[in-house]
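A.B. asks: Model the following, please.
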Amino acid sequence: MLTNRRLVAWVVVSIYMAGMAYYSLVPRVTGPVGSALAVLGDRALHLSGYFVLTLLAAWALHGTASSRALRAMVLALAYGAALELAQLGAPMRMASWGDVLSNSIGCVTGAVAYTALQRIRRSKACSR
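C.D. replies: Okay, the predicted model is just below:
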């Protein structure tokens, strides 16, 4: 059953993923993402974007912390790969193995961070 909290979480994840798709497939990136791209660089933007996506997806899923993190990582990896494939048909965009690698690093670090944060949260709750 989908609870209100989980529904809100999936709405947030969906909006975030839609934003990622838009900025991954438009011919020229402008606005706040274009500014971040100029400052951080392409690889850092990919890594941080998929780090956040993995955290958000883990928040939306149910199960143990480690299973949520693993499933969120797989979801984010698959989404990143799908967007890279979609870029093959997008004008003025180019798919890149470097982007896939940056996405993957972001997904793995996001999953590890989520699991670590949940363990810290659980240990703090047990010590009260």
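
A.B. asks: List the contacts of residue 49.
C.D. replies: Counting by C-beta atoms under 8 Å, 6 or more residues apart in numbering, residue 49 touches 20, 103, 106. Just so you know, the C-beta spots here come from the backbone N, C-alpha and C atoms, and that holds for glycine as well.

A.B. asks: Out of those, which is nearest to residue 58?
C.D. replies: Taking C-beta to C-beta as the measure, residue 58 lies nearest residue 106 of the contacts of residue 49, at 13.0 Å.

A.B. asks: who's in contact with the nearest residue to the closest one once chain neighbours are set aside?
C.D. replies: Closest residue in space to residue 106, ignoring its immediate chain neighbours: residue 50 at 3.2 Å, by C-beta to C-beta, 6 or more residues apart in numbering. Contacts for residue 50 (C-beta under 8 Å, 6+ apart) come out as 76, 80, 102-107, 110.

A.B. asks: From the residues you listed, list just the buried residues.
C.D. replies: Buried subset of these (neighbour count, 16 or more other C-beta atoms under 10 Å): 76, 80, 102-104, 106-107, 110.
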